[in-house]
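# How does the following fold in three dimensions:
(one chain, ligands or ions: 1)
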Amino acid sequence: MPTFPDRPRLAVKLLDERMRDYMPHYATAGSAGMDLRALLDAPLTLEPGDCELVRTGLAIHIADPGLAGMVLPRSGLGHKHGIVLGNLVGLIDSDYQGELMVSVWNRGDTSFTLEPFERLAQYVLVPVVQADLEVVDDFDASARGMGGFGSSGRH
Ligand SMILES: O=c1ccn([C@H]2C[C@H](O)[C@@H](COP(=O)(O)OP(=O)(O)OP(=O)(O)O)O2)c(=O)[nH]1
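Below you'll find the model as predicted:
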């Protein structure tokens, strides 16, 4: 299996000592994300439509501007229980040093109770490229041109 020789090392601060027992990790060698857990003192019930910002108790400083973090829903929670993210996807800047927060949204039609330290979302490290924008009058010709939003039909 290919592995990156220089696997990035991310600096993590535990903002609550209880999180030491719940460090995010890759569940399998092929996992793309690490699960994030809810730092809660008591169960949190989300009624249909409720959206709450939930602490993770962790600050992760990515530092490398060529990387970013993404907070994504867990498929089981989303599909079975309607528990997704209020911001749909969380984008974590490489220079962010604050607590990682998860916006939890119950988009379903039944209430859902999140237990303390339950895995509520996943964190994926992704490469990013920063670009410089340059204003031009015309673009070089391309195969698509200005066609979009279904211009190629359905089938
Ligand atoms: O699900 C998320 C999304 C963001 N963040 C943190 C990390 C990110 O780097 C910072 C800012 O996120 P973003 O730029 O998306 O927020 P904004 O609403 O544009 O606010 P800001 O003015 O702080 O950039 O908030 C989280 O902890 N969880």
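# which one is the closest residue to the ligand within the chain nearest to, not counting chain neighbours?
As assessed by CB to the nearest ligand atom, the ligand sits closest to residue 90 within the chain, at 2.1 Å. (C-beta placed from N, C-alpha, C; glycine too.) What sits nearest to residue 90 in space, not counting adjacent residues and going by CB to CB, 6 or more residues apart in numbering, is residue 71, at 3.2 Å.
# same for whatever helix or strand that neighbour lives in, what does it pack against?
Using DSSP states H and E, residue 71 sits in strand 67-73. When contacts are defined as 3 or more CB pairs under 8 Å, 6 or more residues apart in numbering; DSSP states H and E, strand 67-73 packs onto strand 83-85, strand 90-92, strand 99-106, strand 119-127.
# What strands line up against the second one, and which way round?
Read that as strand 90-92. Strand 90-92 pairs in its sheet with strand 67-73 (antiparallel), by DSSP bridges.
# Which residues does the partner strand contact?
8, 33, 36, 60, 62, 83-85, 89-94, 100, 102, 121-128 (CB atoms under 8 Å, 6 or more residues apart in numbering).
# near the ligand, anything from that strand?
Yes. For a cut-off given as CB under 6 Å from any ligand atom, strand 67-73 has contacts with the ligand, namely residue 71.
# Now do that strand and strand 119-127, the angle between them.
Between the axes of strand 67-73 and strand 119-127, defined by axes from the mean of the first three to the mean of the last three CA atoms, to 10 degrees, the angle is 150 degrees.
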